[in-house]
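A.B. asks: Okay, sequence plus prediction incoming.
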Amino acid sequence: DRPLPEHFLNKIPTSRNLNSLRKVLRDLVQRAFRGNTYSNDVDRLLSLSDPEDSWNDRLQAALVGVLMSPRFLLVAEGSSDRPRQIEDQELATKLSSFLWNGLPDDALLREVGKGTLSQEDVLQRTVKRMLRDPRSRSIAENFGLQWLHLDVLAKHRPDPDRFPNIDTKLRQAMQQETVHFLDHILRRDLPVDEIIRANYTFVDSALAEHYGFRPVPSGKFRRVRTPNESFGLLRHASILMATSNPTRTSPVKRGKWVLTSLLDAPPPPAPPGVDGLTADGQVEGMSLREQMEMHRANPDCASCHIRMDALGFALEGFDAVGRAKTGTDIDDLAELPDGTVFRGASGLRDVLLADLQPFRRSLARHLLVYATQRGTGPSDDALLDALSKD
């Protein structure tokens, strides 16, 4: 027989009779179906095997039945088109999916059984308990990477001739830097502007060397102050590399990322038939800025690019793999359509901090979509306004 999953082993009694099997299955369906159980669940699962089969074979057949059940695979939300108060069992499922990216635990299911989960004091106490649990790191790991569009890092391959030291391990470290950073802010209940203004980050030895920071001991990630820099997420190599081309930086991609992730104002798709810049950015006798100015001369492109390009150029102080550039020829001057002029990532930070409401609302809307697993509409505006207040 194949070994059973480890987290089931402590629920398997020593005795292997039918009563012990029924007990294991009752515990299993309670957890797997998130409290949405019926009195005949165990009998139906037992009917999937022959009574003469061995105890392990019957358990294995029941496990297959559980894993194929729509109640395990899907989250039912009723058939009414009108707003309604969700039931405690549905609430437990949404909470565990949102905060843990997993199934409700026994404590959560006990509140469902008592019918008390939706009571305000119980709900607040439960959410605080779940956020203290290490499983809430999934918010940073799943929501954070989804919100920031960092899933592309797994497939992104910088040109090995120009950036020879970017291997899989370093790309993973870049991603984990962002996860550690977001998880740190969440666990300490820090204000959301810390995401933009923080003067620290989290690095391991390889990432510290990549950045040119002071060496840190090998092993775990460590919190370090960023030397002479205070612009939080804008400094992360994960984002700077994900928004670059394999051979060069891309002010367009970086500007689009700022608009989409931080300001929730994504630009529309490029009009049909409009060509972008070449991937390597090499046009003899023309700088990247001059090429982009020529691109904006097309009226179909100008309305979006005039803002997007400025935001992207502010991050030109970093190369295509997130390292700070050196020298005096860094072209990171930016001018917004309203005439606001600033320079570099620190200038972009100041622009974002000067009016935090768009950033707060963007974060609130992305988080609401992740939590509810649906899009938003006009009916959500009042909630988003409340969530994005100081």
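C.D. replies: Nice, I can see it.
A.B. asks: going forward, measure contacts between C-alpha atoms and count neighbours the same way
C.D. replies: Will do.
A.B. asks: Point out where the stretch 1-150 of the chain drops to low pLDDT.
C.D. replies: Residue ranges of the stretch 1-150 of the chain with pLDDT under 70: 1-15, 76-81.
A.B. asks: rerun that using 80 as the cut-off
C.D. replies: 1-16, 35-36, 74-84 (pLDDT under 80).
A.B. asks: same check, this time on the stretch 251-390 of the chain
C.D. replies: For the stretch 251-390 of the chain, the stretches with pLDDT under 80 are 269-306, 328, 390.
A.B. asks: where exactly do the helices run in it?
C.D. replies: With DSSP state H, counting those that start in this stretch as the criterion, the stretch 251-390 of the chain has helices at 251-257, 288-296, 299-313, 344-354, 357-372, 381-387.
A.B. asks: Which other helices and strands does the fifth one contact?
C.D. replies: Yep, that's helix 357-372 we're talking about. helix 88-100, helix 381-387 (3 or more CA pairs under 8 Å, 6 or more residues apart in numbering; DSSP states H and E).
A.B. asks: can you pull the contacts of the closest residue to Ser362 other than its chain neighbours?
C.D. replies: Among residues not flanking Ser362 along the chain, Asp264 sits closest, at 4.9 Å (CA to CA, 6 or more residues apart in numbering). By CA atoms under 8 Å, 6 or more residues apart in numbering, the residues touching Asp264 are 358-359, 361-362.
A.B. asks: Contact partners for Thr260?
C.D. replies: Counted by CA under 8 Å, 6+ apart, Thr260 has contacts 266-267.
A.B. asks: same deal with Arg197?
C.D. replies: Contact analysis of Arg197 by CA under 8 Å, 6+ apart lists 230-232, 349, 353.
A.B. asks: how many neighbours does Gly377 have?
C.D. replies: 7 (other CA atoms under 10 Å).
A.B. asks: ditto for Val252
C.D. replies: Other residues lying near Val252 total 21 when counted by other CA under 10 Å.
A.B. asks: hang on, the earlier thing: can you tell me which of the contacts of Arg197 lies nearest to Asp43?
C.D. replies: Gly232 (55.5 Å; CA to CA).
A.B. asks: which helix is the longest one in this protein?
C.D. replies: helix 168-187 (DSSP state H).
A.B. asks: Output the contacting helices and strands for that helix.
C.D. replies: Counting by 3+ CA pairs under 8 Å, 6+ apart, helix 168-187 packs on helix 194-197, strand 200-203, helix 205-211, helix 237-242.
A.B. asks: how about that helix: buried residues?
C.D. replies: By 16 or more other CA atoms under 10 Å, the buried positions in helix 168-187 come out as 170-171, 173-186.
A.B. asks: Which one of these is nearest to Lys155?
C.D. replies: Lys155 lies nearest to Arg171 out of the buried residues of helix 168-187, by CA to CA, at 10.0 Å.
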